[in-house]
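Q: make a model of this:
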Amino acid sequence: MNDCNCTDQQVERVLISNPGVLEAVVFNILKKTEKFYELKERLNSEEAAEFLNISTSTLANKCSDREIPYSKPGGKNREFKLDDLKAYRHSKEKVFQVI
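A: You can find the predicted model right below:
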């Protein structure tokens, strides 16, 4: 199915002349699925916020309020365990199911 009115040859030409395009498209598709996150054991703040569908500032507030556990290896940036984020997300889903 081709919804962009492009021929296969045009698409092929774009992909050959811009090899990073296909990689970026696949990466963005994977990012929209949980499988992308399954490839990683730990996520940075941006990835964690995206996984939880919240902003990075909201994530920072939740960390300050000790709602979401994290670590700071080397004392710099926060890292989040995927299992902790899943547990947090699951706990929030339960709240909405009860209402």
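Q: tell me where the protein has strands.
A: For the chain, strands defined by DSSP state E occupy the ranges 42-43, 80-81.
Q: for the first one, name the packing helices and strands.
A: Right, the one you point to is strand 42-43. strand 80-81, helix 82-98 (3 or more Cβ pairs under 8 Å, 6 or more residues apart in numbering; DSSP states H and E). Where C-beta positions appear, they are placed from N, C-alpha and C, glycine not excepted.
Q: would you single out the least confident of these?
A: Among the helices and strands packed on strand 42-43, helix 82-98 carries the lowest mean pLDDT, a mean of 80.
Q: what's that helix packed up against?
A: strand 42-43, helix 45-52.
Q: what mean pLDDT does the last one have?
A: Which is helix 45-52. 93.
Q: list the contacts for Asn28?
A: The contact partners of Asn28, by Cβ atoms under 8 Å, 6 or more residues apart in numbering, come to none.
Q: give me the domain ranges for the protein.
A: 8-39, 42-99 (automatic domain parsing).
Q: quick revisit: out of the helices and strands packed on helix 82-98, flag the one nearest Asn61.
A: Of all the helices and strands packed on helix 82-98, helix 45-52 sits nearest to Asn61, with 11.1 Å by Cβ to Cβ.
Q: list the contacts of the closest one.
A: Residues from elsewhere that reach helix 45-52 (Cβ under 8 Å, 6+ apart): 31, 34, 37, 40, 43, 55-56, 58-60, 68, 77-78, 80, 82, 85, 88-89.
Q: filter these down to the buried ones, ChimeraX style.
A: The buried residues among the contacts of helix 45-52 can be selected in ChimeraX (16 or more other Cβ atoms under 10 Å) with this line:
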select :37,43,59,68,78,80,82,85,88
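Q: hmm, back to that, pick the most buried one from the helices and strands packed on strand 42-43.
A: Most buried of the helices and strands packed on strand 42-43 by mean neighbour count (mean count of other Cβ atoms under 10 Å) is strand 80-81; its value is a mean of 20.
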